[in-house]
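Colleague: got a structure for you, letters missing:
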């Protein structure tokens, strides 16, 4: 791999990561065997920094992790960059929060075991800054991992008197449509009703030969 | 303000936004009185596209808004950036989405007639939650079934400039070259034309709020 | 897979192209998105002319698949059976002598089916094209970097309880795929109580065991607290100390 390409890969990763990347994380972008050594990565970062000179972006190193950020001179304009739609948490963040709510007190390792994938520090940091979760202790196992639980702020935000107000898991597992309260669910319900009416109507037209009237049995194959 | 500086401000805003920015939102970055006109903004975008050539990032136009995205060649490395695997969608879900994209506005009953099987509520819910489809109205037939259409989020996810960017239904076979995106400069030109046409049209239909005015290429061939 | 019956006859042979391990069979059958998909597969596989479908042969093959699906107890969509009836009807209409209609052009009984198959195939191809497009989060990513010096008071994301439960639901679905995970078994009230007890038990001293209980909560509350204490002891998060029989029990944080 040419230096040029290495620099571009590092550049691309820093632009989309959404969080600072350590040299380890940068090295993990590469296939085993094709992984550049730390010297090469540092070289690529230095190259990148030089290439960015004069542009609106700069490379910053915070606590051994690297990130790209726009230069401070651009702040006046970027402050006027209004969000069109409200920001959103990632799926991973919501899953982590839900697991902490139901499984507390719980360690990061336990969350990862349930989710089947790593939980980034960024996610936990976000939830702590939001004051929805907090560290409630440390588990007495080697390494003494932190135990996380939800806060009073979490209950207040979701308008719950206590965690016991959360729907029992059994309800969640059973019928996936259970407990829908979103507008989406309402729309679907409306659509379903409308459709029944439509089917009744189409039953009168002779060229209707598919079985959509039979409905739900198909859903098992349908995700 | 020099052109150079304008380009850098636009560049910085696009890097930070994380979502496509319309010309209006780009214009809103500037103080009253110091606001460049649309021509100048389009010029800055064209400059920026040229300046990005050879780098890891490209300018893409989605529904008359612009975003910076990594080039597809970097996917192998960037896929290792996160432990999260990109979600997979079932064949049934994507089939439903494709029919909605080409046939919109379309009722659930019509989708089922084409697919030959029931469309489960779960599928519609998934598509709505991903914000790829939405209810665009109700069909004026008994029962008033919901009509579904795609959203800007759909275009964003599948990297489509507009619905017209979907491969035409009729000549799906062959023509593998289709779908390569136009240079943004061309898109900008197209957008200008489309915009004028749309403004004329919107004067007639006040409730049309998305860019679907251009209409799916399918509908004409298959009614 | 021992006793598979097709129309009353034991099925000794799989349909010609089904020389696949039994485990994979279900996966393959599930891969069909519906009766039209299956029919198209049969037609294209044998290079049949879709505009002149040999209906008897296609019906026979279609039925053998449907019987296999039933036999492996695949939850069969009713639409498959409806299609079977449609095929049978077309077959019988083709066997009947053509009624001599006055001047009217007799429509091929297969015409409607062919129209539907062609239409469906068109969308199926469209789906493949759509599927092959570069996608966000899989093939390309949108840049997202912080702006130095930008005001920090950006709006915070809003989350509804439904969104939270939905996230959990998808975790559960995923976790079900790995059955070995023992997840979320304890009643919620116990887990909540565990957090509360950890709060009460100060790391630098003894807490009276009795203080953990709130009698106003009644029997259930006391039981929940007791279960929470046991669970915390089991997980080595607290320990209980009693100097002699009937002496006060003290709770120690292990943290």
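Modeller: Right, received. Where do you want to start? Computed from a predicted model, the values in this text were never measured in an experiment.

Colleague: Now do the SS call for residue A:137.
Modeller: strand (DSSP: H, G, I helix; E, B strand; the rest coil).

Colleague: So which residue is dead centre in chain C?
Modeller: residue C:173 (6.5 Å; C-alpha atoms, centre = their mean).

Colleague: Helix or strand: which one has it?
Modeller: helix C:161-177 (DSSP states H and E).

Colleague: same thing with residue C:68?
Modeller: Counting by DSSP H and E, residue C:68 is found in helix C:55-71.

Colleague: Please enumerate the helices of chain A.
Modeller: A:3-16, A:23-27, A:38-52, A:75-78, A:91-103, A:108-115, A:121-129, A:152-157, A:169-173, A:183-202 (DSSP state H).

Colleague: Of these, which stretch is the most buried?
Modeller: helix A:91-103 (a mean of 24; mean count of other C-beta atoms under 10 Å in any protein chain shown). C-beta here means a position set from N, CA and C on the backbone, and glycine is covered the same way.

Colleague: pLDDT below threshold where in chain A?
Modeller: By pLDDT under 70, the weakly predicted segments of chain A are A:1-4, A:84, A:170-223.

Colleague: So it: which segments form each domain?
Modeller: A:3-74, A:91-204 (automatic domain parsing).

Colleague: Pull the number of nearby residues for residue A:168.
Modeller: 11 (other C-beta atoms under 10 Å in any protein chain shown).

Colleague: Check residue C:191 too.
Modeller: 25.

Colleague: so it makes contact with residue A:102?
Modeller: Yes - using C-beta atoms under 8 Å, residue C:191 is in contact with residue A:102, at 7.0 Å.

Colleague: rewinding a little: so what does the helix holding residue C:68 touch, helix or strand wise?
Modeller: In terms of contacts (3 or more C-beta pairs under 8 Å, 6 or more residues apart in numbering or on different chains; DSSP states H and E), helix C:55-71 is packed against strand C:5-6, helix C:22-30, helix C:35-45, helix C:78-95.

Colleague: Tell me which helix or strand residue C:246 sits in.
Modeller: Short version: residue C:246 belongs to no helix or strand, going by DSSP H and E.

Colleague: separation between it and residue C:225?
Modeller: 20 Å (C-beta to C-beta, to the nearest Å).

Colleague: just residue C:60 next, same as before
Modeller: For residue C:60, the distance to residue C:225 - C-beta to C-beta - is 68 Å.

Colleague: same thing with residue A:13?
Modeller: Taking C-beta to C-beta, one finds residue A:13 at 49 Å from residue C:225.

Colleague: go on, residue C:211?
Modeller: Counting by C-beta to C-beta - residue C:211 and residue C:225 are separated by 11 Å.

Colleague: more crowded one of these two?
Modeller: residue C:225 (20 against 11).

Colleague: Roughly how far does that one sit from residue C:212?
Modeller: Distance from residue C:225 to residue C:212, by C-beta to C-beta: 6 Å.

Colleague: again with residue A:147
Modeller: 18 Å.

Colleague: do the same with residue A:65
Modeller: Taking C-beta to C-beta, one finds residue A:65 at 42 Å from residue C:212.

Colleague: which of the two has more neighbours?
Modeller: A count of neighbours by other C-beta under 10 Å puts residue C:212 above the other of residue A:65 and residue C:212, at 21 against 16.

Colleague: doesn't residue C:227 make contact with that one?
Modeller: No - look at residue C:212 against residue C:227 with C-beta under 8 Å: they stay out of range, at 11.7 Å.

Colleague: still on that earlier bit, present the helices and strands packed on helix C:55-71 as TSV; the columns should include distance to residue B:70, mean pLDDT and mean neighbour count.
Modeller: Shown next, in TSV, are the helices and strands packed on helix C:55-71 (distance: least, C-beta to C-beta, whole Å; pLDDT from 0 to 100; neighbours: other C-beta atoms under 10 Å in any protein chain shown):
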stretch	distance to residue B:70	mean pLDDT	mean neighbour count
strand C:5-6	53	49	14
helix C:22-30	34	60	13
helix C:35-45	35	90	20
helix C:78-95	42	88	17
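
Colleague: So for residue A:142, which of these sits nearest?
Modeller: Of all the helices and strands packed on helix C:55-71, helix C:22-30 sits nearest to residue A:142, with 40.0 Å by C-beta to C-beta.

Colleague: Which strand or helix spans the closest residue to residue A:130 other than its chain neighbours?
Modeller: The shortest distance from residue A:130 to any non-neighbouring residue, by C-beta to C-beta, 6 or more residues apart in numbering or on different chains, is to residue C:156 (6.6 Å). In the assignment (DSSP H and E), residue C:156 maps to no helix and no strand.

Colleague: Residue C:156 contacts residue A:131, doesn't it?
Modeller: No - the criterion here is C-beta under 8 Å, and residue C:156 misses it with residue A:131 at 10.5 Å.

Colleague: on that earlier part again, turn the domains of chain A into a markdown table, columns for distance to residue B:127.
Modeller: Shown next, in a markdown table, are the domains of chain A (distance: least, C-beta to C-beta, whole Å):
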| stretch | distance to residue B:127 |
| --- | --- |
| domain A:3-74 | 25 |
| domain A:91-204 | 10 |
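
Colleague: How about the contacts made by residue C:60?
Modeller: Listed by C-beta atoms under 8 Å, 6 or more residues apart in numbering or on different chains, residue C:60 has no contact partners.

Colleague: how far away is it from chain B?
Modeller: 20 Å (C-beta to the nearest C-beta, to the nearest Å).

Colleague: mind putting the helices of chain A in JSON lines, distance to residue C:51 included?
Modeller: Formatted as JSON lines, the helices of chain A follow (distance: least, C-beta to C-beta, whole Å):
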{"stretch": "helix A:3-16", "distance to residue C:51": "49"}
{"stretch": "helix A:23-27", "distance to residue C:51": "57"}
{"stretch": "helix A:38-52", "distance to residue C:51": "59"}
{"stretch": "helix A:75-78", "distance to residue C:51": "61"}
{"stretch": "helix A:91-103", "distance to residue C:51": "46"}
{"stretch": "helix A:108-115", "distance to residue C:51": "51"}
{"stretch": "helix A:121-129", "distance to residue C:51": "56"}
{"stretch": "helix A:152-157", "distance to residue C:51": "61"}
{"stretch": "helix A:169-173", "distance to residue C:51": "48"}
{"stretch": "helix A:183-202", "distance to residue C:51": "27"}
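
Colleague: What parts of the stretch 151-255 of chain C come near chain B?
Modeller: residue C:166 (C-beta under 8 Å from any C-beta of the partner chain).

Colleague: low pLDDT regions in the stretch 151-255 of chain C?
Modeller: By pLDDT under 70, the weakly predicted segments of the stretch 151-255 of chain C are C:152-153, C:176-188, C:255.

Colleague: Strands of that one, start to end?
Modeller: Secondary structure of the stretch 151-255 of chain C, counting by DSSP state E, counting those that start in this stretch: strands at C:207-208, C:238-242, C:249-253.

Colleague: Remind me what the first one packs against, helices and strands.
Modeller: Think strand C:207-208. Using 3+ C-beta pairs under 8 Å, 6+ apart: strand C:207-208 touches strand C:249-253.
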